[in-house]
Every structure is written in structure tokens, then in C-alpha cells.
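# Quick one: sequence plus predicted model below, questions after.
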Amino acid sequence: MNNLTALNLQLLKQKVPMLDLTIEQAMSIAKIPERFNEKRISALITYTTGDSALADTLTMQERYYVLLNQQALSHNKYALEDDFSDYYIDTIESEVPDEYFDKDIGIGVQHIRGGHICLLETICEDLFDWTCGLMACQLYGDLSALLGGEGIVWDQLDAQMPSNELNQHVQSRVRLIGQLNELAFNNLSETFDYLVAPLTHYLETSIDNNGITVLKEVNGDYQPARFPALSHLQGHAKQLARYIA
């Protein structure tokens with residue numbers, strides 16, 4: 001599946017234009033340290049869509065869907081055989097919920113969005129940090145039973161709230177998760193995995209010590225791949241970006 005037609009890409013709620021990067025824009029992205037790939041992706045989305053507010057509001061899957069389609073456009077200038085379609089999963093936009101809430105347990109999950117991910121990128125050092133960070137950003141509702149306390153109710157975290165405020169909420173929640181014993185942590189993780197599954201769209205994603213990966217199914221196994229924001233650059237532009245970084 002590939003919804004890229006006439007340089008417009010259909011996302012969950014809107015179509016966005018897919019503009020080519022100018023060399024000046026590419027070098028501006030290159031000035032962002034490589035370890036902040038999500039921040040680089042946000043800059044790329046801003047340049048390629050012309051919308052400065054969009055990157056923080058897009059879901060994680062939408063962000064990588066834009067990235068892979070932008071890279072496909074650039075790659076096709078050099079090699080027609082380049083194709084990322086193996087990473088895409090069939091998606092009917094109208095059937096992807098804005099959130100998923102289980103009334104029986106009183107807990108829900110929201111989409112992880114650009115604003116959340118760019119914050120996590122600055123505070124997460126390994127897979128455990130990313131695991132706790134995603135749960136802190138996405139879970140909401142009455143978490144008392146899972147976190148071993150009373151009156152532990154989490155509101156949904158707006159990805160566009162001021163970064164210092166978002167950081168305070170996330171850090172507070174991560175501390176609670178870190179105090180769980182092994183059994184309680186496993187229960188929380190399993191509940192999260194169950195709740196988040198219905199939100200899947202466009203791409204299968206995962207995490208590792210360095211952050212977000214995109215999964216491709218090969219012979220029944222899922223293989224993770226990392227997509228740096230500027231990996232599509234070729235020739236002298238690629239060398240310049242590398243030296244700037």
C-alpha cells in the first residue's frame with residue numbers, strides 16, 4: 001500500500017503535500033546532532049509539508065510514513081528499484097481510533113505523537129527508559145490497581161503542551177513505574193501491549209536502546225530497521241551533511 005499520489009500523502013486526518021527538500025533545508029537538518037533523529041524528522045516534516053505545527057501532532061507511525069515516502073521520492077531520482085512498500089501495512093484511515101479505552105478495566109491509551117517522542121529522545125538512554133516513557137505518555141485512566149496504590153489517575157498528555165510541563169508529567173509517571181516489582185511491571189507492560197494494538201496503522205514499529213525502529217516481516221519474523229532523517233542524501237550533499245554533523 002502506498003497512498004502517495006500527485007505529491008500528496010493521505011494521513012489519518014488530512015492530506016499533506018510532499019515537497020522536495022532544498023539543499024539549504026537539508027543542511028539545516030544536518031546541523032541537528034545525529035542522536036536527535038526524531039528532532040531531525042520533525043524538521044524534515046516541517047520543510048516537506050510547509051506546516052510548522054504538524055510534526056508534533058502526527059502519530060509516530062504517520063511521522064515515519066511521511067519519512068519513508070519522502071525518502072522514496074528522493075531515492076527514485078537515483079534508483080527506480082528502491083521501494084519501502086514492504087514496510088507498509090494496509091490501513092483504512094477511518095477505522096483507526098483516536099484512542100482506545102477499555103471500560104472493563106477503566107484504562108485507555110492514546111497515540112504517541114511527535115511532541116511526546118521528541119521529549120523522550122532527550123531523556124531516554126536505553127530500551128527500559130523508552131519502554132517506561134511510552135507507557136507514561138500513552139496510558140490514561142485509573143492506574144491504581146496496576147501501580148499498587150490508590151487514586152492514581154492519569155490524564156491524557158497533550159503532545160503540544162509546553163515541553164517543561166510535559167517533562168514533569170512524564171518523569172513523575174516514570175518514577176512510579178520504576179518502583180514496581182517484576183510481577184507488577186510485567187502486568188503493566190502486558191496491559192499496555194494489549195491496549196495499544198488497536199491503534200496500529202501504516203507501519204509496525206518497535207523500540208531499542210536508540211529509540212524508534214520500523215519493522216518489516218520477512219518469512220514470519222519481524223526485522224527492525226532504523227531510518228535516519230537524511231539517509232536519502234547522495235553524492236556531495238551526503239558528504240556535506242556528514243561533515244556538518
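Done, it's in.
# what sits against Y202?
Counting by Cβ atoms under 8 Å, 6 or more residues apart in numbering, Y202 makes contact with Q61, E62, Y64, Y65, Y88, I89, T91. (Glycine included, C-beta is placed from N, CA and C.)
# phi, psi of it?
Per-residue torsions, Y202: phi 60, psi -50 (degrees, to the nearest 10).
# From G108, how far out is it?
21 Å (Cβ to Cβ, to the nearest Å).
# pLDDT, neighbour count and secondary structure added to the contacts of Y202, as a markdown table?
Converted to a markdown table, these look like this (pLDDT from 0 to 100; neighbours: other Cβ atoms under 10 Å; DSSP: H, G, I helix; E, B strand; the rest coil):
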| residue | pLDDT | neighbour count | secondary structure |
| --- | --- | --- | --- |
| Q61 | 97 | 24 | helix |
| E62 | 98 | 26 | helix |
| Y64 | 96 | 21 | helix |
| Y65 | 95 | 27 | helix |
| Y88 | 93 | 18 | strand |
| I89 | 93 | 13 | coil |
| T91 | 96 | 19 | coil |
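# what's the burial count for the nearest residue to V153 once chain neighbours are set aside?
Distance criterion Cβ to Cβ, 6 or more residues apart in numbering; nearest residue to V153, sequence neighbours excluded, is D142 at 5.2 Å. D142 has 15 neighbours, counted by other Cβ atoms under 10 Å.
# about what we covered before: of the contacts of Y202, closest to L12?
E62 (6.3 Å; Cβ to Cβ).
# Can you give me every residue that contacts the closest one?
L11, L12, H201, Y202 are the contacts of E62 under Cβ under 8 Å, 6+ apart.
# Apply 10 Å and report the result again.
9, 11-14, 16, 45, 54-55, 96, 111, 113-114, 201-203 (Cβ atoms under 10 Å, 6 or more residues apart in numbering).
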